[in-house]
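# fold the following for me, if possible:
(4 chains)
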Protein chains: 2
Amino acid sequence: MRRRGLHPGTAERRREIFCAALECFAEIGFSQTTMADIRRRAKASTGSIYHQFESKEHLAAEIFLEGIADYQAGWIAALERETDARGGLRAVIGHHLRWVRSNETWARYLFQRRHSAFTAAAERKLAELNAEFLRRASLWFATHMEAGRLRRLPPDIYIALVAGPYTEHTRHYLSGRDCTNTEEVIEMLADAAWRSLAVRPDQPGSARERGQPRTSGGAR
Amino acid sequence: MRRRGLHPGTAERRREIFCAALECFAEIGFSQTTMADIRRRAKASTGSIYHQFESKEHLAAEIFLEGIADYQAGWIAALERETDARGGLRAVIGHHLRWVRSNETWARYLFQRRHSAFTAAAERKLAELNAEFLRRASLWFATHMEAGRLRRLPPDIYIALVAGPYTEHTRHYLSGRDCTNTEEVIEMLADAAWRSLAVRPDQPGSARERGQPRTSGGAR
DNA sequence: GAGTTGACTAGAATATAGTTCTAGGATGTA
DNA sequence: TACATCCTAGAACTATATTCTAGTCAACTC
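Below is the predicted model:
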């Protein structure tokens, strides 16, 4: 049986490989990245990498899962912090945009070009994460639908209307094209989400601190 | 100098390989697909494939470009057929959803997991397609903004609000999850787009034939 | 209709990149 | 110091994209 106690430096080595791989995947994509690229960037040997990670697939999956877990945790936290329907929409949109800005490398790997398929185990873990994420989000939204503040629409439509715009905007942003200032994007997307999902979008709602014009255009 | 005149069967062979590759890419993804898979499905030899297409990358790019060109042409045609702002939004959303339904194989390759990077030539061609696509779409939208029917918002926001929801819904659909009936999805997404983009969403607009309820929920 | 040409096909050979394997080094414990 | 375990190194192996060489076949010329 094992003596116990990892050798010092092991965790660091593992993390070095992990980070090197993340950078490679984000910069040149999963399939373009060779194990040699990772080896060079992490200054590790082939054996070392394969000792820490079962395969390139597993490495990619672990990175993906850690990123998505952090992202989703923040998303749910931002949502559940708000009791107000409009505030909740703004909160998740804000969380998404800001998370992408402050975790650009991760975002590039997670959102820009999702890697096709992972190992069965990783897919299972991902499905679990998504299920729990959806369960908690649905709960929050259901409350507001029942209270008559948000429109009753099927789940697939909700997902499309809430996540679609910010996801599309992120693709735009990550591909390096011209974008409006982040805080303004948040305002505009939150406003649009509210218009499309609220039962009575014209009610004052919680327009929040700085009252940006809600009907006029030219928010440029 | 060349005698001229292709051998009979050449175009067919090329097409067989093209289609076999499309199916493989759609089913198991670009990187998972091996040239042997394509060879088997097309009943062609290695030499034959490489005679017709420069590489796996080039083959993928050609397929991608043909698909995207057809999709974009239909999108623009649907848009320009409409002079009414609300009708135009509904038209492009309808085109997207229906195109995906009737070209599921293509859609799976084009929208589900976009392949990371093509050859420089293909990227250039794609950029050209996108530029022309955006140019014509912008023209149409600008007209309606100037007429005061659609809100003035920056281009990145417009793209996010118009394309985001239907793109997200398509990912949902292609991943095999439960979806609302297509025509209803079109109604709901078109309605939501109108709410978020119209200067006065409550104005009658062009609600079209069968008057579905616009304010009430429960359109399930 | 025999000869010639060039598009096309076949399949073996090659190269590249992921993975496995074997040997050894380092560290903590007795 | 001896042993056990973890970790590292890098060579060997394998799978897969691509190249190469040797043809085959249709159409055209004389």
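
# residue ranges of the helices in chain A, please?
Taking DSSP state H as the test, the helices found in chain A are A:10-28, A:35-42, A:46-52, A:56-80, A:85-102, A:104-107, A:120-146, A:155-174, A:182-197.

# let's have those helices in JSON lines, adding distance to DNA strand D and mean neighbour count.
(Glycine included, C-beta is placed from N, CA and C.) Shown next, in JSON lines, are these (distance: least, C-beta to the nearest atom of the strand, whole Å; neighbours: other C-beta atoms under 10 Å in any protein chain shown):
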{"stretch": "helix A:10-28", "distance to DNA strand D": "3", "mean neighbour count": "18"}
{"stretch": "helix A:35-42", "distance to DNA strand D": "8", "mean neighbour count": "17"}
{"stretch": "helix A:46-52", "distance to DNA strand D": "2", "mean neighbour count": "15"}
{"stretch": "helix A:56-80", "distance to DNA strand D": "13", "mean neighbour count": "18"}
{"stretch": "helix A:85-102", "distance to DNA strand D": "30", "mean neighbour count": "21"}
{"stretch": "helix A:104-107", "distance to DNA strand D": "23", "mean neighbour count": "17"}
{"stretch": "helix A:120-146", "distance to DNA strand D": "17", "mean neighbour count": "14"}
{"stretch": "helix A:155-174", "distance to DNA strand D": "26", "mean neighbour count": "23"}
{"stretch": "helix A:182-197", "distance to DNA strand D": "39", "mean neighbour count": "23"}
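
# in contact with the most centrally placed residue in chain A, which residues?
In chain A, the residue lying closest to the centroid (C-alpha atoms, centre = their mean) is residue A:71, at 4.4 Å. By C-beta atoms under 8 Å, 6 or more residues apart in numbering or on different chains, residue A:71 lies in contact with A:99, A:103, A:106, A:110.

# I'd like the helices of chain A as CSV, with mean pLDDT appended.
CSV is the format used below for the helices of chain A (pLDDT from 0 to 100):
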stretch, mean pLDDT
helix A:10-28, 88
helix A:35-42, 92
helix A:46-52, 91
helix A:56-80, 95
helix A:85-102, 98
helix A:104-107, 95
helix A:120-146, 94
helix A:155-174, 97
helix A:182-197, 98
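
# contacts only, for residue A:42.
Neighbour list for residue A:42: A:16-17, A:19-21, A:49 [criterion: C-beta under 8 Å, 6+ apart].

# apply 10 Å and report the result again.
Counting by C-beta atoms under 10 Å, 6 or more residues apart in numbering or on different chains, residue A:42 touches A:13-21, A:23-24, A:48-49, A:52.

# hmm, back to that, now do the residue nearest to the centre of chain A against residue B:26, distance only.
Distance, residue A:71 to residue B:26, by C-beta to C-beta, to the nearest Å: 28 Å.

# for residue B:193, find the nearest of the helices of chain A.
helix A:182-197 (7.5 Å; C-beta to C-beta).

# ok, the closest one near chain B or not?
Yes. Applying C-beta under 10 Å from any C-beta of the partner chain, one finds helix A:182-197 touching chain B at A:184-185, A:187-189, A:191-197.

# now, which of those lie close to DNA strand C?
Applying C-beta under 7 Å from any atom of the strand to the residues of helix A:182-197 next to chain B, one finds that nothing falls near DNA strand C.

# that's all I had, so thanks and see you.
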